[in-house]
Every structure is written in C-alpha cells, then in structure tokens.
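Q: Got a predicted model here, sequence first, then my questions.
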Amino acid sequence: MRFSFFHLMPWTELKEAPPQWPVSNSAFDPERGKQLYDAYIDTMAFAEECGFDWVGCNEHHFSPYGLMANCNLIGAVLAQRTRSIRLAMLGNLIPLLNPIRVAEEYAMLDVMSGGRLVAGMIRGVPHEYIAYNVDPDESRGRLREAAALIVKAWTEPEPFGWEGEFYQFPSVSIWPKPLQRPHPPILMSASNEESAEFAGRHRAMMGMTLIADLEIAKRCIGVYREAARAHGLEPTPGHVLLGYSTCIAETDADARAYLADGLRYFHRVLMHSIRDAQRLVIQKSRFFEKEHGERFVSRLVTLKERSIEEMIEAGSVLCGSPQSVVAQMRRIRDVLGNGHFNLNFKIGDIPDAVVRRGMELFRDRVLPQAREL
C-alpha cells in the first residue's frame with residue numbers, strides 16, 4: 001500500500017461564510033497569508049519524514065477554499081525541500097490552461113526533482129470554468145485534446161505543428177523534456193463513471209475523492225478497470241488512488257472531535273458559496289451528463305449532513321486512533337481493491353499542531369501496519 005499526503009492550503013481566518021462566489025478578497029491579509037504558506041509548505045515537506053510516498057498539490061481559484069492557484073509553484077518549492085518523495089500535481093486543470101505551458105512546467109518539475117513528478121491531468125470542478133471564462137460544455141473535449149498534446153510535446157523529438165479543435169500551434173518543441181521515460185506517470189480524476197471510463201481509456205492512474213458510498217466507488221473502479229483493459233493496460237491496485245479526509249489522534253474521541261470541528265468550518269464556510277456556483281454551472285451546462293450532475297450535488301449534500309460516525313461507517317473518511325484507522329483502511333481496501341490512499345489531514349481549520357501530530361502517529365503507528373495491507 002502506498003500513501004500520499006495531500007494539502008488544500010485553506011484560508012482559516014474567516015468568521016462567517018462568504019455570501020457569494022467569487023469570494024471578495026477584502027478579508028485576505030497578506031502577512032497572515034505568508035505565515036500560512038510557510039506553515040503549509042513546512043508541513044508538506046515533513047510528509048517525507050513521515051514515510052509518505054507522495055506529497056500532493058492541487059489548483060483552485062477565486063476562493064478561500066484553497067490558496068494554491070498554481071500547484072506547480074508549490075511543487076517547485078518542494079522539489080528543493082525534499083529528496084525522495086514523489087511530487088504529485090493533482091493537479092493542473094488542463095482544460096483551463098495553455099497545454100504547452102503545462103507540458104513545459106511539468107517537464108521542469110520532473111527534471112528539477114530528479115524524476116519525481118506525478119502528472120495530474122485534471123478536468124476540475126464546475127465553478128472553476130467561470131473563474132477562467134472557459135465554456136464548461138467544452139471541458140471533456142479540451143481535456144482529451146490537451147492531454148494528447150502534452151504527451152506529444154513530451155515525447156516527440158522533432159518540432160511539430162498542432163491543428164486541433166481547441167488548440168493550434170504552428171510549431172512545438174519544448175525545452176526541457178521530462179527526465180522520466182517515456183514520460184511521467186499520469187493521473188486523471190475518476191469520481192464518476194464517465195470520468196472513470198475516460199481515465200481508463202487514457203491508460204492513466206485513476207483518482208477518486210468525495211467518496212460517499214463504497215458500492216458507488218466500486219462501480220467506478222470497475223468501469224475504470226474495464227476501460228483500461230480494453231485499451232491495453234492491465235491495471236494494478238497501484239493504479240487506483242482514493243482520496244480521504246483524515247484525522248488521526250491518540251483516541252477515537254479526540255479524532256472525531258477534531259474532524260467534526262474542521263468539517264464544520266469546511267462545509268459551512270469554505271464550501272458555502274462554492275456550492276451555489278457549482279449548482280449553477282451544472283444546471284446551465286453539459287459539464288456532467290444529467291444523472292452524474294445530480295449525483296455530484298447529492299454527494300456534496302450527503303457528506304455535509306452526515307455525522308462523523310455515519311461517515312466512518314460509509315467509508316467516506318478515515319478518523320480515529322491509529323488502530324481504528326488501520327482497520328478502516330483494511331475494510332476499504334478489501335471492498336475497493338485500491339493500492340493507494342491520498343490523505344488530507346488539514347480539513348477546514350483543524351489546527352496545524354493536530355495535523356502534525358496525526359502525521360507522526362501515521363508514521364509511528366499506522367504505517368508499520370498499513371504498508372502491507
């Protein structure tokens with residue numbers, strides 16, 4: 001079993017929920033922001049000392065939900081602060097970006113880190129398309145074309161032209177090229193059946209988050225495996241990464257109390273305005289097929305309304321003492337057959353001291369048992 005340490009870099013200083021999205025930045029204090037960036041980067045670098053295989057970054061916009069508008073900037077810092085842990089960019093929202101720029105920045109990270117990049121090619125969540133003024137209806141087509149263009153830019157030894165539906169470049173020849181051959185491993189999101197089929201068809205690793213029900217997750221993984229096999233990849237457990245909100249403490253009671261407080265801030269403050277924006281995009285576009293859009297909204301509501309005990313029972317979070325968390329991981333592995341957990345310890349405004357202590361407990365008391373699951 002492999003483990004990734006993931007961080008959203010949330011803004012933790014709001015006293016009440018923002019009334020709308022985009023969120024006014026009037027409450028942002030740059031001095032406090034500097035403190036948070038320093039603390040968060042220290043924590044992410046500490047993941048290497050705690051035995052994590054990957055450290056994960058992501059990209060979000062126009063919201064205190066996450067301060068990582070460009071995950072590659074954080075990846076570049078971590079390339080210098082770490083020596084062996086893989087740098088998982090989970091990832092660049094490539095339908096919103098210039099794919100040549102993504103290919104170049106990913107190649108830089110791979111070379112600078114000595115070949116440690118995991119290249120996330122992510123479609124993103126609905127409201128990000130409003131932020132960058134990209135038609136959500138085009139998200140699938142842009143993702144498909146951008147992914148193909150990035151791989152070609154990494155692997156083609158001679159200059160080439162590109163005339164696609166969404167991107168046109170008269171001549172492409174990036175410097176540098178990635179260190180890993182033929183290119184860095186690619187991960188795509190697969191949190192619904194449509195996305196799972198897409199990831200399998202592209203022979204990428206699959207990543208799932210916001211798991212509300214193990215049986216629904218099992219169906220998505222089945223779709224992914226079937227599509228991957230049909231396109232020449234025999235997926236292993238290591239191709240399946242599952243993302244979990246995680247809290248590890250000395251006792252079950254302490255962990256549940258910390259996670260309940262953090263989720264309260266996450267859902268009531270950080271997610272409040274985002275949910276409205278997401279619903280609007282889902283209703284007014286073809287970002288999802290209708291049934292998948294309804295499931296997406298329903299999943300967010302379900303996760304918000306459940307108690308910690310209900311989330312644990314449903315396999316939606318990892319929470320408790322080290323012994324309890326190992327048992328929860330084993331149960332999930334037995335049902336879903338994954339070989340990789342992506343753990344987010346900084347949920348909402350959970351104190352950084354609690355996060356660091358949870359990482360230490362993971363290193364000392366979870367990892368020795370969970371590594372051989």
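A: It's in. Quick caveat: nothing in here was measured; it's all calculated off a predicted structure. Residues are numbered from 1 along each chain as shown.

Q: Tell me which stretches of the chain form helices.
A: Using DSSP state H, the helices of the chain run over 30-49, 71-81, 99-112, 128-131, 139-155, 193-201, 214-230, 252-265, 272-284, 290-305, 308-314, 322-336, 352-361, 367-370.

Q: a markdown table for those, including mean pLDDT?
A: Below are these laid out as a markdown table (pLDDT from 0 to 100):
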| stretch | mean pLDDT |
| --- | --- |
| helix 30-49 | 98 |
| helix 71-81 | 98 |
| helix 99-112 | 98 |
| helix 128-131 | 85 |
| helix 139-155 | 97 |
| helix 193-201 | 95 |
| helix 214-230 | 96 |
| helix 252-265 | 97 |
| helix 272-284 | 71 |
| helix 290-305 | 62 |
| helix 308-314 | 95 |
| helix 322-336 | 98 |
| helix 352-361 | 98 |
| helix 367-370 | 98 |
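
Q: Format those helices as TSV; extra columns: mean neighbour count and distance to Tyr65.
A: C-beta: built from backbone N, CA, C; applies to glycine. Shown next, in TSV, are the helices of the chain (neighbours: other C-beta atoms under 10 Å; distance: least, C-beta to C-beta, whole Å):
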stretch	mean neighbour count	distance to Tyr65
helix 30-49	15	13
helix 71-81	19	14
helix 99-112	22	22
helix 128-131	22	11
helix 139-155	20	19
helix 193-201	22	21
helix 214-230	18	23
helix 252-265	19	11
helix 272-284	18	6
helix 290-305	15	13
helix 308-314	17	20
helix 322-336	18	25
helix 352-361	18	17
helix 367-370	16	29
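
Q: Could I get those in JSON lines, plus columns for distance to Ser173?
A: Formatted as JSON lines, these follow (distance: least, C-beta to C-beta, whole Å):
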{"stretch": "helix 30-49", "distance to Ser173": "33"}
{"stretch": "helix 71-81", "distance to Ser173": "21"}
{"stretch": "helix 99-112", "distance to Ser173": "10"}
{"stretch": "helix 128-131", "distance to Ser173": "30"}
{"stretch": "helix 139-155", "distance to Ser173": "8"}
{"stretch": "helix 193-201", "distance to Ser173": "28"}
{"stretch": "helix 214-230", "distance to Ser173": "31"}
{"stretch": "helix 252-265", "distance to Ser173": "47"}
{"stretch": "helix 272-284", "distance to Ser173": "36"}
{"stretch": "helix 290-305", "distance to Ser173": "38"}
{"stretch": "helix 308-314", "distance to Ser173": "49"}
{"stretch": "helix 322-336", "distance to Ser173": "42"}
{"stretch": "helix 352-361", "distance to Ser173": "42"}
{"stretch": "helix 367-370", "distance to Ser173": "43"}
